[in-house]
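Novice: what follows is a predicted protein model with its sequence.
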Amino acid sequence: MGTLLWSANEKFSTMLRLLIIILYCAGTSLAEAQTFTREKVVGTWVSTEVSFTTDREKAEAESATFEKVRRGLINSKFVFGRNGLFLIQLPANAPSEFRELEAMNNKMWHIRSEEQKLFVGTLDEDLIMINVKISNGSYYFLIEDTPLVLKMEKRSR
């Protein structure tokens, strides 16, 4: 009986060690996948969807505005250069008001990895602040101080 109990305890101990190793490996893999680094940001990001963080009814009431925003931002490119320079390339059919965004071109971009934030301009000017959310493998740029949410796809490095 003692040997049987020893055998069961040994098996339990071995399984527990194995479970701890598996959880450790899975945890570090997930942490690595969610790490937000400058290297992961560098490249061209294209806006594939535009949405608002406000109520759906309010957005529908302002459908003309929403359509203008969609035309201005769908397929726009956010280029985060390896050299630290930012460019925004708007679609050809973007409303003229959106051309003001091009004032951010050739400004420095910065990253706050631990907060998952990007910003363009100096620390004093903050031309644009972007909170980056990762959900189900998709990247979302939430433009700070606006209700805009852009679903983004990275197209190149």
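Specialist: It's in.
Novice: got any ranges where the protein has weak pLDDT?
Specialist: Scanning the chain for pLDDT under 70 picks out the ranges 1-34, 55-62.
Novice: centre-most residue in the chain?
Specialist: The geometric centre of the chain, computed from its C-alpha atoms, lies nearest to Val132 (Cα atoms, centre = their mean), at 3.3 Å.
Novice: so which elements touch whichever strand or helix holds that residue?
Specialist: Assessed by DSSP states H and E, Val132 sits inside strand 128-135. Strand 128-135 sits against strand 117-120, strand 138-143, with contacts defined as 3 or more Cβ pairs under 8 Å, 6 or more residues apart in numbering; DSSP states H and E. For every residue, glycine as well, the C-beta is placed using N, CA and C.
Novice: of these, which approaches Asp126 most closely?
Specialist: Closest to Asp126 of those, according to Cβ to Cβ: strand 117-120, at 5.4 Å.
Novice: return the distance of the closest one from the chain's centre.
Specialist: The chain centroid and the centroid of strand 117-120 are separated by 11 Å under Cα atoms, centre = their mean, to the nearest Å.
Novice: what's the burial count for Tyr140?
Specialist: Look at Tyr140: counted by other Cβ atoms under 10 Å, it has 16 neighbours.
Novice: how is the chain divided into domains?
Specialist: Following the assignment in automatic domain parsing, the chain carries domains at 1-34, 38-156.
Novice: if you compare the ones you listed, which one is most tucked away?
Specialist: When these are scored by mean count of other Cβ atoms under 10 Å, the highest mean neighbour count falls to domain 38-156 (a mean of 14).
Novice: distance check, the residue nearest to Met129 when sequence neighbours are not counted against Ile130.
Specialist: Distances taken as Cβ to Cβ, 6 or more residues apart in numbering put Glu144 closest to Met129, at 3.8 Å, once the chain neighbours are dropped. As judged by Cβ to Cβ, to the nearest Å, Glu144 and Ile130 stand 7 Å apart.
Novice: ok so, going back, the residue nearest to Met129: what's it in contact with?
Specialist: Residues near Glu144 by Cβ atoms under 8 Å, 6 or more residues apart in numbering: Ile128, Met129, Ile130, Asn131.
Novice: turn these into JSON lines, including distance to Leu101.
Specialist: Shown next, in JSON lines, are the contacts of Glu144 (distance: Cβ to Cβ, whole Å):
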{"residue": "Ile128", "distance to Leu101": "8"}
{"residue": "Met129", "distance to Leu101": "14"}
{"residue": "Ile130", "distance to Leu101": "13"}
{"residue": "Asn131", "distance to Leu101": "18"}
